[in-house]
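Visitor: model the structure of this input:
(2 chains)
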Amino acid sequence: MSGFVTAVASALTQGSVIALIALGFLLIYRATGVVNFAQGDLVTLGAYISYWAYHDLELTLLSSWLIAVVAMFVIGIVLERFAYAPIRHRSEHTVVIATLGAALVIRATIAIWQDTSPKFAPDPFHGDVWQLAGARVPYQNLLVIATTVVVVTAILLLVGHTPFGRSVRALAADRAAASLVGVRVTRTSMLAFGLSAALAGLAGVLVAPTQALTVDLGFGPMLFAFAAAVLVGLGRIGAVLLGAVAIGFAQYVVGRYVAPDYREAYPFVLMLAVLAIRPRGLFGEQVGRRV
Amino acid sequence: MLRVEGLTVHHGPVAAVVGLDLEVRPGEAVALLGANGAGKTSTLAAISRLVAATSGTVRLDGRPLGRRGADQVARLGLLHVPEGRRVFSTLTVHENLLVAGSARGRRGGGRRAGRALLDEVYDLFPMLAALRDRPGWALSGGEAQMVAIGRALMGMPRVLLLDEPSLGLAPTVVDAVYAALARIRERVPLLLVEQDSARAFELCDRAYVLRSGRLALAGTAAGLRGTPKLVAAYLT
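Guide: Sure, this is the predicted structure:
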């Protein structure tokens, strides 16, 4: 029983981190049509900025997290201006390669700035755990889950009920028609990159205390987040939550009982299995455009 | 109002429009006619910057559009209702109209202006009021056409470009769409691409007829209507 509870708690925590990253993927994808492969390194950068603000600027832990998230928002906009805007009329493949280039630049910058030796980000709960049905669930995990629930709700409201959200959805539905009705293409894509990077940064500061902080921190989670987004069809923002949690469960619940050595592969097995049955993903839009 | 000079548009190596001059004056409705593939849609798309022109200038109120993108051109008040309506399928009718308010840009933002425009659109197309919360993908062709036109009106157009608003619609629905266009043209200059020349002559003051991307005929609607054989020769 306690083993199962631990597994579920780990699955939900992992699902939350993945959801934050996948949401960032999706925001940029919906607003610009581009898959941003720098997302994982933005996660890492967010964690390093908070580490730096805490240790070198000697801020409180909470302010260091806030600063990191705000800084990541700005960095997201900078990324849009330098890595995306100049080439946005090129083919999507070109842009995707550019995001991979940006990822390498970010990673190298971190390595030069903070060196590559592992760091240990402070844990606000000093390793305290919550005893639940015999299982020991770190409070940091609960914080990750709770923060994700709040942030994801906020993003859903933002996309569902604000002018920015409508612009994103219009661009996702038909980019050309959106520009014909005057949707502010540039502003929307800047905001989407900014928000997406802020979400990545938030994922970074939340996940950093649970493991060693290295330049690879965000890379694995990004791949899982990509699997989650593809799994549900790179479509509705709400669906990606489900995808993220499914990936978390595949990895930590299924992975606990079935061939644990291979659990890192389970998210991708799940993704491939779903794509084999439904090539557009679980909730991929099957509705064709009327002509 | 709208002046196009020497417009040339290529699709790959093929010239779709060659050296076209045309003009829409204040208060005027102008038809752009021609057979399939004559370059009508390409002309509208190049004016609104949906596609890049090879050469030529487009001026709105005497000011060249320069290198502006489609969304910036829309915010200047040059609004294009594209071929095939292109209603946002995942947005509701109401959201389709709201998002199009972006095109007002700095020319008349304000929530109050937005609400007044919404009322106007629902007044012009009363059947849309009942469909407010219906998603775009669930609309019939006629409903989608009304949303597409309503969307353009939300941007307070100074000139409205319409690409085949009657295409694929039942005759009674076409009547409804044209009744609305007759009301719109009293306030907004129109440039109308249409296959159905009879409808176009009824609505418009003047017409240009394209053939293979070049201007073949131009004149008043009344004059061209008087020479049906000549016009028919260019439209088939």
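Visitor: what bridges to A:Trp130?
Guide: Counting by DSSP bridges, A:Trp130 forms beta bridges with A:Val137.
Visitor: tell me who's in contact with it.
Guide: By Cβ atoms under 8 Å, 6 or more residues apart in numbering or on different chains, the contact set of A:Trp130 is A:136-139, A:142. Glycine gets a C-beta too; all of them are placed from N, C-alpha and C.
Visitor: out of those, flag the one nearest to chain B.
Guide: Nearest to chain B out of the contacts of A:Trp130 is A:Leu142 (Cβ to the nearest Cβ; 34.7 Å).
Visitor: helix, strand, or coil at B:Thr8?
Guide: Using DSSP: H, G, I helix; E, B strand; the rest coil, the secondary structure recorded for B:Thr8 is strand.
Visitor: does it touch B:Ala52 like I think?
Guide: No. At 11.0 Å, B:Thr8 and B:Ala52 do not qualify as touching, with contact defined as Cβ atoms under 8 Å.
Visitor: and these two? Which one has more around it.
Guide: Neighbour count, other Cβ atoms under 10 Å in any protein chain shown: between B:Thr8 and B:Ala52, B:Thr8 has more, with 18 against 12.
Visitor: any idea how far that one lies from B:Val51?
Guide: Between B:Thr8 and B:Val51 the computed distance is 12 Å (Cβ to Cβ, to the nearest Å).
Visitor: cool, A:Pro267 as well?
Guide: 41 Å.
Visitor: ditto for A:Ala265
Guide: For A:Ala265, the distance to B:Val51 - Cβ to Cβ - is 46 Å.
Visitor: repeat that for B:Gly84.
Guide: Using Cβ to Cβ, B:Gly84 is found at 15 Å from B:Val51.
Visitor: what of B:Gly77?
Guide: According to Cβ to Cβ, B:Gly77 and B:Val51 sit 20 Å apart.
Visitor: more neighbours, those two?
Guide: B:Gly77 (21 against 18).
Visitor: that one contacts B:Arg107, correct?
Guide: Yes. Applying Cβ under 8 Å, one finds B:Gly77 in contact with B:Arg107, separated by 6.2 Å.
Visitor: show me what contacts residue 141?
Guide: The chain I'm using is chain A. Contacts for A:Asn141 (Cβ under 8 Å, 6+ apart) come out as A:9-10, A:12-13, A:210.
Visitor: not quite, I wanted chain B
Guide: B:Gly141 neighbours (Cβ under 8 Å, 6+ apart): A:290, B:85, B:168-169, B:173.
Visitor: closest to B:Leu60 among these?
Guide: B:Arg85 (23.9 Å; Cβ to Cβ).
Visitor: and that closest one, that one's in a strand?
Guide: No. Counting by three-state DSSP, B:Arg85 is located in no strand; its state is coil.
Visitor: one step back: can you put the contacts of B:Gly141 in CSV and add secondary structure and neighbour count?
Guide: Shown next, in CSV, are these (DSSP: H, G, I helix; E, B strand; the rest coil; neighbours: other Cβ atoms under 10 Å in any protein chain shown):
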residue, secondary structure, neighbour count
A:Arg290, coil, 17
B:Arg85, coil, 27
B:Gly168, coil, 14
B:Leu169, coil, 18
B:Val173, helix, 17
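Visitor: of these, closest to A:Thr153?
Guide: Set against A:Thr153, the nearest of the contacts of B:Gly141 by Cβ to Cβ is A:Arg290 (32.8 Å).
Visitor: beyond the helix or strand hosting A:Gly24, next helix or strand please.
Guide: Using DSSP states H and E, A:Gly24 sits within helix A:2-32. Moving toward the C-terminus from helix A:2-32, the next helix or strand (DSSP H and E) is helix A:39-55.
Visitor: that following helix vs helix A:2-32, what angle?
Guide: Going by axes from the mean of the first three to the mean of the last three Cα atoms, to 10 degrees, helix A:39-55 is angled at 110 degrees with respect to helix A:2-32.
Visitor: helices or strands up against helix A:39-55?
Guide: Counting contacts by 3 or more Cβ pairs under 8 Å, 6 or more residues apart in numbering or on different chains; DSSP states H and E, helix A:39-55 packs against helix A:2-32, helix A:61-79, helix A:92-114, helix A:185-207, helix A:219-231.
Visitor: mind listing what's buried along it?
Guide: For helix A:39-55, a neighbour-count test (16 or more other Cβ atoms under 10 Å in any protein chain shown) marks A:39-54 as buried.
Visitor: for stretch B:8-26, same thing?
Guide: Buried positions in stretch B:8-26, judged by neighbour count with 16+ other Cβ under 10 Å: B:8-10, B:15-18, B:20, B:22-24.
Visitor: output it as CSV, restricted to C-alpha atoms.
Guide: C-alpha atoms of stretch B:8-26 as CSV (Å, rounded to 0.1, in the frame of the first residue of the first chain):
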residue,chain,number,x,y,z
THR,B,8,2.0,41.9,-60.5
VAL,B,9,1.7,38.7,-58.5
HIS,B,10,3.4,35.4,-59.2
HIS,B,11,2.6,31.9,-57.9
GLY,B,12,6.0,30.3,-58.3
PRO,B,13,6.9,30.9,-61.9
VAL,B,14,3.4,31.6,-63.0
ALA,B,15,2.2,35.2,-63.3
ALA,B,16,-1.3,35.3,-61.8
VAL,B,17,-1.7,39.1,-62.1
VAL,B,18,0.2,41.4,-64.5
GLY,B,19,0.5,45.1,-64.2
LEU,B,20,-3.0,45.7,-62.9
ASP,B,21,-4.2,49.2,-62.1
LEU,B,22,-7.5,49.7,-60.2
GLU,B,23,-9.2,52.1,-57.9
VAL,B,24,-12.0,52.2,-55.4
ARG,B,25,-13.2,55.7,-54.7
PRO,B,26,-15.0,56.8,-51.5
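Visitor: mean confidence for that stretch?
Guide: When pLDDT is averaged along stretch B:8-26, the result is 94.
Visitor: is chain A within reach of it?
Guide: No. If you take Cβ under 8 Å from any Cβ of the partner chain as the test, stretch B:8-26 misses chain A, and the best it gets is 15.1 Å.
Visitor: OK, contacts around whatever residue of chain B ends up closest to chain A?
Guide: The minimum distance from chain B to chain A, using Cβ to the nearest Cβ, falls at B:Ala103 (2.8 Å). By Cβ under 8 Å, 6+ apart, B:Ala103 lies in contact with A:181-182, B:74-75, B:77, B:79, B:152, B:154-157.
Visitor: mind checking pLDDT for A:Ile18?
Guide: 95.
Visitor: for it, give its distance to A:Thr147.
Guide: To A:Thr147, A:Ile18 is 14 Å away according to Cβ to Cβ.
Visitor: before we move on, what about A:Leu191?
Guide: Separation of A:Leu191 from A:Thr147 (Cβ to Cβ): 21 Å.
Visitor: the more surrounded of these two?
Guide: Taking neighbours as other Cβ under 10 Å, A:Leu191 and A:Thr147 compare with A:Leu191 leading, 21 against 17.
Visitor: that one reaches A:Thr162, doesn't it?
Guide: No. Contact between A:Leu191 and A:Thr162 fails when scored by Cβ under 8 Å: they sit 10.6 Å apart.
Visitor: which non-adjacent residue is nearest residue 75?
Guide: Using chain A here. Spatial nearest neighbour of A:Ile75, chain neighbours left out: A:Ala197 (5.5 Å); criterion: Cβ to Cβ, 6 or more residues apart in numbering or on different chains.
Visitor: um, chain B though
Guide: Closest residue in space to B:Arg75, ignoring its immediate chain neighbours: B:Gly105 at 3.4 Å, by Cβ to Cβ, 6+ apart.
Visitor: next one: A:Arg278
Guide: Closest residue to A:Arg278 apart from its sequence neighbours, by Cβ to Cβ, 6+ apart: A:Gly284 at 6.7 Å.
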